[in-house]
Structures are given as structure tokens and as C-alpha cells.
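Chemist: Return atomic coordinates for the entry below.
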Amino acid sequence: MSFEDYFANSTEDLSETTITEQKSRSVNIHGILWPFLYTVLIIVANFLSLIAFFIEKRLRAYNNYFIINLTILDFLTGLFLIPTVVHTHIGYYPFSQDICKVISGLRLGILNASNLAVVVICADRHQATYDPINHFISRNKRMAVIKNIIPWIVSVVFWFLYTTIPEFIIDFDNDRHCIRWYTLRTLPGIIPFIALFYLPFTIIAVLYFRIVAKIQATLGGKNVEKRFAMKDAKKGKITAELPHDDMTSAVSTATINIDLSSDNFDQQIMRKNVNAANNAKKTTINRETATEMSKATRTLLFIVVAFVVSWLPQSIMILIYSIEPVLIIPGLPRPARLFIGWMPFLNSLLNPIAYAVSQPLFRSTIFNMFLCRRRM
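Modeler: Below is the predicted model of the structure:
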């Protein structure tokens, strides 16, 4: 039995002596109730999210196209969990080996695409933070669709080349538990979790910490400017830094002192305010508003936290199990193995919750759907 089956299904090889035990387990309602409810919650939560995006046009902004893509992937993840629920309950894979080969490639491709979609969201936020003008100019529906297609293509192609096609070529025996060929060896068995978690996690961590560092540096700069402005106002003067060119290279900065009692002080202040307003208007046109950036960054935070919390426990356990199974098997009961095995799919349930927490419009749309009220 593969290490993935050990955690996800916790089933044993069937034999003449275990048939009775498997049959008795199949009548146990608890063997199907919780996995079934878990899967239904994932499907329903993401389906409601898709309906919300469909009926509320204001939710279909550029940033939310990435959320819609992630929602579709999480919805499909829930659908592909149905065979796993049946497998966990009856103790063997319910379909043929050919279907197993194809479904395995699709399921892992969708699951990997969901994780890579988080990477794409981080990359888009990174560009918006470090290159806001070009990001704003280039962002449109077409660009969002192109960026969202990338995780699908990369993931499905990789997993079909790594899982499905090799199994058909060598006519691999998937057994009654739909095991994959790479689970029979240590190194090929670790590579999938590098693709599913460790590689996306590394990229997400680097991008997200760079985003946070940039935002903190920007906020820190604004605070410094405010303190200097307040200090100069108390002194009764306005300070300005003059740009230097070749003619004034000997002078780095200069301070212009304006007497508050001067007759033309009001005119100078008015001109300064008009220029500042014009500059602010141009800046706003060429980049995201502060509200858009704040909402997108807050949504990203919840998505990243959900990703790490859901995937980290099993990724660590699988890594240990691949190196030395004895370190995991003796003291880990079946309920614990099932809990750890199902945790990665928690990500698909937490994501819709993250949207509702971080976006008031999304939350109100869902609320109005339950109350059967039309949006105002």
C-alpha cells in the first residue's frame, strides 16, 4: 500500500481473513458520515461562491477573477473527492484501473492547479506592489484569463506526464486501492509533494514577505513625511527640496523659508494645493486605489494562511513516512491518519470562508442569497 493511501484512506489489503471485517466496517455509518459531510461542505461552499460572483457584477473586478478561478478549482476538488469518500468507506477503489489512471491524473492536476493559483495571486499582488503603474495599465479581463489559465495547463500536463501516461505505457497494476506507480519508490514518491506543496509554498513565502516588506516601507515613509510636515508647520515655515542638475550639482538641497505674514503666502499655498491635487489625481488614475489594494492584500493573507494550515501537517508527515515509515506507523491510530490525510482538502473549504471574511460585498451577497433578497 502506498503512503498516500496510508494517510488518505487508511485501508488494508483485502484477503480471505479480512473480508468479514471489511463488510462489518461498511455498515458503520461513521465510516461514511464525516467524509461525506466534509465533501458536501466543500462542494456547496464553492458552488455558492460561484453563484455570488455570477449574480453580483460588482464582484467581477480584475482582482476577483483570480478568486473565481480558485473557486472553480476548489469546486472541482470537491467533486473529485467523491470516489475517495467511497474508497475510504468500502476499503477499495470503486472503479476500474483505467478510470483510476485517468482520474488520478485529473485529481492531482486540479489539486496542484489550486495551489499554483495561490502562487499566481501572490505574483499579481507582487507586481501591483512593486510596479503599480504598469500593473494597472496592463490589467484587464484578457490578462486575468491568461494568468489564470497558466496553473491549469502546467498542472494537468505535469500530472498526466508523471502519473497517467507512464502507467498506461508500462501497464501498471493499480491494485484494488488505485495506487500510483511512483508511490512504490521513495524519491519518485517525494517529488509529487514537492510539486503540490513545497515548491508553491517556497514561492508564496518569498513573494508574500516581499509584499509585506514593501507595504511596511511605504507606510513608514508616509509616517516620516507626516512628522516632518507637522514639525515644519509648528516652526511657521514650509520646506522644500530643490532638484539639482548639472548647473546646480554643487548644491544638493535648499530650504525655502516663507514668512507666514507675507502677502503672497496664500497664493503660494493655493498653487501648492492645486499641484498636489493634480499629482494625486494622476497617481490615482495610473494605479490601484488604496481601498482596492487593501482589500486584495487582506484577501491574499487569508488565502495564504489557509493554504499553509491545510497542507503543512500532511506534507511533514508524508516526508517522514517516505524516509522512515517506522517513525509514523506504530503510534498513529486510524482516525489520526484519516484526519491528516483529509487536511489538505480543508484548503478548498477555507478559501470561500476567506472571501467572506475579507470582502464585505461578497459576504452581503451570500447573506442576501440565503434571505432571497435582491441586491440594492
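Chemist: Quick check: which ranges of the stretch 151-300 of the chain have low pLDDT?
Modeler: Low-confidence segments of the stretch 151-300 of the chain, defined by pLDDT under 70: 220-288.
Chemist: Tell me where it has helices.
Modeler: 165-169, 186-193, 199-235, 265-285, 290-323 (DSSP state H, counting those that start in this stretch).
Chemist: quick one: contacts of stretch 94-110?
Modeler: The contact list for stretch 94-110, computed with CB atoms under 8 Å, 6 or more residues apart in numbering, reads 73, 76-77, 80, 83, 86-87, 93, 152, 155-160, 163-164, 167-168, 172-174, 178, 180, 192, 196. Every C-beta, even on glycine, is put in place using the N, C-alpha and C of the backbone.
Chemist: Buried ones among the residues you listed?
Modeler: Buried members of those, scored by 16 or more other CB atoms under 10 Å, are 73, 76-77, 80, 83, 86-87, 93, 152, 155-156, 158-160, 163-164, 167, 172, 174, 178, 180, 192, 196.
Chemist: name the element the residue nearest to L300 when sequence neighbours are not counted belongs to?
Modeler: Excluding the flanking residues, the one nearest L300 by CB to CB, 6 or more residues apart in numbering is R125, at 5.4 Å. In this structure, R125 sits in helix 97-130 according to DSSP states H and E.
Chemist: and the helix or strand just after that helix, which residues are buried?
Modeler: Downstream of helix 97-130, the first helix or strand assigned by DSSP H and E is helix 132-138. Buried residues in helix 132-138, counted by 16+ other CB under 10 Å: 135-136.
Chemist: Can we start the residue count at 39 from this point?
Modeler: With the count now opening at 39, the last piece we talked about shows up as helix 170-176.
Chemist: list the helices and strands helix 170-176 packs on?
Modeler: Where contact means 3 or more CB pairs under 8 Å, 6 or more residues apart in numbering; DSSP states H and E, helix 170-176 is packed against helix 135-168.
Chemist: Give me the mean pLDDT for the helix it packs on.
Modeler: Helix 135-168 shows a mean pLDDT of 93.
Chemist: before we move on, what SS does the residue lying closest to A83 once chain neighbours are set aside have?
Modeler: Nearest residue to A83, sequence neighbours excluded (CB to CB, 6+ apart): P390, at 4.2 Å. Put simply, P390 is helix when judged by DSSP: H, G, I helix; E, B strand; the rest coil.
Chemist: How much space separates P390 from L338?
Modeler: 15 Å (CB to CB, to the nearest Å).
Chemist: Could you do Q254 as well?
Modeler: Counting by CB to CB, the gap from Q254 to L338 is 15 Å.
Chemist: now V183
Modeler: 19 Å.
Chemist: More neighbours: which of those two?
Modeler: Using other CB atoms under 10 Å as the criterion, V183 and L338 rank with L338 on top: 25 against 11.
Chemist: surely that one meets Y246?
Modeler: Yes: at 7.3 Å, L338 counts as touching Y246 under the criterion of CB atoms under 8 Å.
Chemist: anything in contact with each of the two?
Modeler: C160.
Chemist: Any idea how far apart the tips of stretch 213-220 sit?
Modeler: 14 Å (CA to CA, to the nearest Å).
Chemist: for the closest residue to W349 other than its chain neighbours, what are its contacts?
Modeler: In space, W349 comes closest to F235 once its chain neighbours are excluded; the distance is 4.7 Å by CB to CB, 6+ apart. With contact set as CB under 8 Å, 6+ apart, F235 has these partners: 153, 349-350, 353, 382.
Chemist: now R96
Modeler: L399.
Chemist: Can you give me the distance of it to N406?
Modeler: Distance from R96 to N406, counting by CB to CB: 13 Å.
Chemist: swap in F74?
Modeler: Counting by CB to CB - F74 and N406 are separated by 29 Å.
Chemist: before we move on, the earlier item: residues contacting the residue nearest to L338?
Modeler: Contacts of R163 by CB under 8 Å, 6+ apart are 245, 249, 334-335, 338.
Chemist: and what of E330?
Modeler: E330 neighbours (CB under 8 Å, 6+ apart): 99, 101.
Chemist: One more pass at 7 Å, please.
Modeler: Applying CB atoms under 7 Å, 6 or more residues apart in numbering to E330 gives the contacts N101.
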